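>>> quick one: sequence plus predicted model below, questions after.
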Amino acid sequence: MADYSMDDEGWAKRKDKVTTYLEGHPDLGEMATVIQWNLNSGDEQPENRKRFWTNITTLFGMLPDSPISRGRESDLPEEIQQAITTASVTYADCFAAAYATDPLFGEIVRKHGKSGGGTYDSESDYHGFLKQQMKGRLTGYYRNSLKGVTDAPTWDGSENNGIPVINTPVAEDDDSSEEE
């Protein structure tokens, strides 16, 4: 017989990620109700937690800013991960909308040469590229802040109306090269 149990620590970590997401997205309606039911059922039935987690991941698979991803878990705080994901999706939505509304963008916007060059196959492909690009930037800015970097953009996690407040170093003028 298959084992569908999950230890308390693993369940709590996954549950925290989902709960943080739900708190920041009150507009999910009935989907939030179904997700919450799965979380509550997992609390009550540890022997079936893997089944409930599968249900939750399936539901989140329908969302563009899912907090659940494949691969190695991020070591960033959950709130920072959510802020990065939300900002990245918003950024991608804005630019991909322009891409979708005018065929000119489909011809002018090109993939980087290392990505094979050429045009994007669809608005969805372009959206995915933009989202990943912004996630990488914001993650880098946050890590710069943690390391105390002063010569590159930093972000300490603060936001202004949902917009990350990025601190950019000001280049100092080098007056030594000017002729007197």
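Structure received. These figures come from a predicted structure and were not determined experimentally.
>>> and the helix or strand harbouring G10, how far out from the chain's middle?
In this structure, G10 sits in helix 8-24 according to DSSP states H and E. Remark: helix 8-24 is offset 16 Å from the chain centroid, using C-alpha atoms, centre = their mean, to the nearest Å.
>>> buried residues in it?
Buried residues in helix 8-24, counting neighbours by 16 or more other C-beta atoms under 10 Å, are found at W11, R14, K15, K17, V18, T20, Y21, L22. For every residue, glycine as well, the C-beta is placed using N, CA and C.
>>> and the next element down the chain from that helix?
Past helix 8-24, the next helix or strand by DSSP H and E is helix 30-44.
>>> what sits against the residue nearest in space to the middle of the chain?
Residue closest to the average C-alpha location in the chain (C-alpha atoms, centre = their mean): T85, at 2.2 Å. Counting by C-beta atoms under 8 Å, 6 or more residues apart in numbering, T85 makes contact with D65, S66, P67, K135.
>>> let's see 6 Å
T85 is in contact with D65, counting by C-beta atoms under 6 Å, 6 or more residues apart in numbering.
>>> just the CA atoms of whichever strand or helix holds it, as PDB, please.
Here T85 is covered by helix 78-101, with elements defined by DSSP H and E. C-alpha atoms of helix 78-101 as PDB (Å, rounded to 0.1, in the frame of the first residue of the first chain):
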ATOM      1  CA  GLU A  78       8.100  33.700   2.100                       C
ATOM      2  CA  GLU A  79       6.800  37.400   2.100                       C
ATOM      3  CA  ILE A  80       9.700  38.400  -0.100                       C
ATOM      4  CA  GLN A  81       9.100  35.500  -2.500                       C
ATOM      5  CA  GLN A  82       5.400  36.600  -2.800                       C
ATOM      6  CA  ALA A  83       6.400  40.200  -3.300                       C
ATOM      7  CA  ILE A  84       8.800  39.200  -6.000                       C
ATOM      8  CA  THR A  85       6.300  37.000  -7.800                       C
ATOM      9  CA  THR A  86       3.500  39.600  -7.600                       C
ATOM     10  CA  ALA A  87       5.700  42.400  -8.900                       C
ATOM     11  CA  SER A  88       7.100  40.100 -11.700                       C
ATOM     12  CA  VAL A  89       3.600  39.100 -12.900                       C
ATOM     13  CA  THR A  90       2.400  42.700 -12.900                       C
ATOM     14  CA  TYR A  91       5.500  43.800 -14.800                       C
ATOM     15  CA  ALA A  92       5.100  41.000 -17.400                       C
ATOM     16  CA  ASP A  93       1.300  41.600 -17.700                       C
ATOM     17  CA  CYS A  94       2.000  45.300 -18.600                       C
ATOM     18  CA  PHE A  95       4.600  44.700 -21.300                       C
ATOM     19  CA  ALA A  96       3.000  41.500 -22.700                       C
ATOM     20  CA  ALA A  97      -0.200  43.500 -23.200                       C
ATOM     21  CA  ALA A  98       1.600  45.900 -25.500                       C
ATOM     22  CA  TYR A  99       3.100  42.900 -27.300                       C
ATOM     23  CA  ALA A 100      -0.400  41.400 -27.800                       C
ATOM     24  CA  THR A 101      -2.000  44.600 -29.000                       C
END
